[in-house]
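Asks: 3D, please:
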Amino acid sequence: MRLNDMQTLWMVVAVAAATMLTRFLPFVLFPEGKKLPPFVDRLSELLPPAMMGLLVVYCLRNVNFLSGSYGLPEGIAVAVTAALHLWRRNTLLSIGIGTVVYMLLVQQVFV
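Replies: Got it, this is the predicted structure:
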């Protein structure tokens, strides 16, 4: 084997090992029936909304509110997504329909 092939092989092994570690370690650290530490319980409540906020900021970071469509397609799509989620409490539905609304707006309405 050439050096480049060995490096690639070791990289794949390292990525596979890290993936397996992150998948199996929680089951080892927190077996079924054992009470979770308070900080883990708190993180399970705080992380989903924090990740959603991070994704909203990431998606809207390059929107220019002073030119073009003034951020209207993005604002409408965010409003539709939020309203659907508050109404139906279905993440897949709200994100899916919000994405469709945004794509329709930027490809058909705000051309």
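
Asks: show me the contact partners of the strand or helix carrying L46.
Replies: Element membership for L46, per DSSP states H and E: helix 38-60. With contacts defined as CB atoms under 8 Å, 6 or more residues apart in numbering, helix 38-60 is touched by 30, 71, 74, 78. All C-beta spots, glycine's among them, are computed from the backbone N, C-alpha and C.

Asks: so for the nearest residue to the first one once chain neighbours are set aside, what's the pLDDT?
Replies: On the basis of CB to CB, 6 or more residues apart in numbering, the spatially nearest residue to F30 that is not a chain neighbour turns out to be L36, at 5.8 Å. According to the model's per-residue confidence, L36 sits at a pLDDT of 89.

Asks: for L36, the count of nearby residues, please.
Replies: Residues within reach of L36, counting by other CB atoms under 10 Å, total 12.

Asks: the chain: strands as residue ranges?
Replies: Assigned by DSSP state E, the chain shows no strands.

Asks: could I get the full set of helices for it?
Replies: 3-29, 38-60, 72-88, 91-104 (DSSP state H).

Asks: so the second one versus helix 3-29, what angle?
Replies: This means helix 38-60. Inter-element angle recorded for helix 38-60 and helix 3-29: 130 degrees (by axes from the mean of the first three to the mean of the last three CA atoms, to 10 degrees).

Asks: what is the least confident helix or strand in this structure?
Replies: helix 38-60 (a mean of 91; mean pLDDT, DSSP states H and E).

Asks: low-confidence stretches in this protein?
Replies: In the prediction, the chain carries no residues with pLDDT under 70.

Asks: swap in 80 and give it another go.
Replies: 1, 3 (pLDDT under 80).

Asks: quick one on the thing from earlier: save the helices of the chain as a markdown table, and put in mean neighbour count and distance to L66 too.
Replies: Output for the helices of the chain, formatted as a markdown table (neighbours: other CB atoms under 10 Å; distance: least, CB to CB, whole Å):
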| stretch | mean neighbour count | distance to L66 |
| --- | --- | --- |
| helix 3-29 | 10 | 42 |
| helix 38-60 | 11 | 14 |
| helix 72-88 | 16 | 12 |
| helix 91-104 | 15 | 20 |
